[in-house]
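Engineer: the following block contains a protein sequence and its predicted model.
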Amino acid sequence: MVQASRRTGFTGSPLVRLLSRLTDSDVGQPRQTTAERLSQWFGWTDDISLSAALNAGPASSLSSAKKASSSAEEAECARVRAALTKAIASDGAAPADATDFAPLRQRYLARQQAMEAGIGPLRSRLRTTLAGRSQAMAKLAAVDVVMEQVLAVQERSLLSGVPALLEKRFRRLRQAALEAQAEQATEPAADQTTPAPSAGAAWQDVFHKDLQDVLLAELDFRFQPVEGLLEALRMKQPG
C-alpha cells in the first residue's frame with residue numbers, strides 16, 4: 001500500500017515541545033484529530049486535486065528511473081541536510097553587548113529561508129524519481145504535490161511565529177541576568193569572597209544554544225516529508 005509522506009502533527013512535534021519548554025508554555029492535547037484539522041485546511045479545489053491524484057489512471061510510460069538505485073537521491077538528501085546543519089552550527093554567538101533581539105530575528109529568518117530554498121527542490125526531485133518507479137509511486141508523488149500545496153501556507157504561518165517565541169525567551173533570560181547583576185551590585189564587598197561570573201555573557205551563551213537547538217528541531221520538522229519520500233524510494237519494487 002502506498003503511504004503519503006509522513007509528517008508529525010505540528011502540535012506534537014519535538015519542535016513544539018522544545019519551544020513549550022523554553023517559553024514555559026503549556027501545549028495540551030489538540031481537541032481535534034489530525035484528519036479533522038486537515039479537512040479545515042482543504043478547500044473544494046484542493047479536494048478535487050487530491051481526488052484526481054488518487055484516482056489517476058496508468059501513466060503512459062515510466063522512465064528509466066524505475067531500475068535506478070535510490071543511493072543517488074539519498075546522497076543528495078544527506079548533502080543538503082548536512083549543509084543546512086553546518087550553516088546553523090557555524091552561526092557565531094551574539095556580541096557580548098547585544099541586548100536587541102532584532103539581529104537574531106533576522107538570523108533566524110535567514111536560516112528559515114535557506115531551509116525552504118534547499119528542501120523544496122529536493123522534495124520535487126524525489127517526487128520526479130518516484131513517479132518513474134511505478135504507477136503506485138507515481139500516485140504517491142502526485143498526492144505529495146497536493147499535500148505540499150495545501151500545507152505550505154499553514155506551515156509557513158505556524159513557523160513564522162517561532163522567532164516571536166524565541167524573543168520571549170531572549171527577554172526573559174536578559175531580565176534575569178539584569179536582576180542578578182543588580183543583586184550582585186548591592187552586596188557588601190566583604191561578602192564577595194570570590195569573583196562572580198559574568199551574568200551578561202552567561203545568559204547570551206544559553207540563548208545562543210537555545211537558538212541553535214530550535215533551528216535544528218525545525219530542520220528535522222521540515223525534513224519529515226523528504227524522509228517519507230526517501231522511505232518510499234527504498235521500498236522493493238515488484239519485478
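Structural biologist: Received it, and whenever you're ready, just let me know what you need.
Engineer: residue 223 reaches residue 118, doesn't it?
Structural biologist: No - look at residue 223 against residue 118 with Cβ atoms under 8 Å: they stay out of range, at 9.8 Å. C-betas here are computed from N, CA, C, even on glycine.
Engineer: would you mark the buried spots in the helix or strand containing residue 116?
Structural biologist: In this assignment (DSSP states H and E), residue 116 forms part of helix 102-131. Buried residues in helix 102-131, defined by neighbour count with 16 or more other Cβ atoms under 10 Å: 104, 107-108, 111-112, 115, 118-119, 122-123, 125-127, 129-131.
Engineer: quick check: which helices or strands does it pack against?
Structural biologist: With contacts taken as 3 or more Cβ pairs under 8 Å, 6 or more residues apart in numbering; DSSP states H and E, helix 102-131 sits against helix 71-90, helix 135-159, helix 162-186, helix 199-234.
Engineer: okay, residue 1: pLDDT?
Structural biologist: In this model, residue 1 is scored at 42, pLDDT.
Engineer: that should have said residue 40, apologies.
Structural biologist: pLDDT, residue 40: 57.
Engineer: swap in the one 4 residues further on?
Structural biologist: As summarised for this prediction, residue 44 has a pLDDT of 43.
Engineer: kindly report the same for the one 4 residues further on.
Structural biologist: For residue 48, the model assigns a pLDDT of 49.
Engineer: low-confidence stretches in this structure?
Structural biologist: 1-12, 26-69, 93-98, 187-200, 236-239 (pLDDT under 70).
Engineer: looking at the helices and strands packed on helix 102-131, which is nearest to residue 15?
Structural biologist: Set against residue 15 and scored by Cβ to Cβ, the helices and strands packed on helix 102-131 come closest in helix 199-234, at 4.1 Å.
Engineer: same for the closest one, what does it pack against?
Structural biologist: Using 3+ Cβ pairs under 8 Å, 6+ apart, helix 199-234 sits against helix 14-23, helix 71-90, helix 102-131, helix 135-159, helix 162-186.
Engineer: make CSV out of the ones you listed and add distance to residue 218.
Structural biologist: Shown next, in CSV, are those (distance: least, Cβ to Cβ, whole Å):
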stretch, distance to residue 218
helix 14-23, 6
helix 71-90, 9
helix 102-131, 7
helix 135-159, 7
helix 162-186, 7
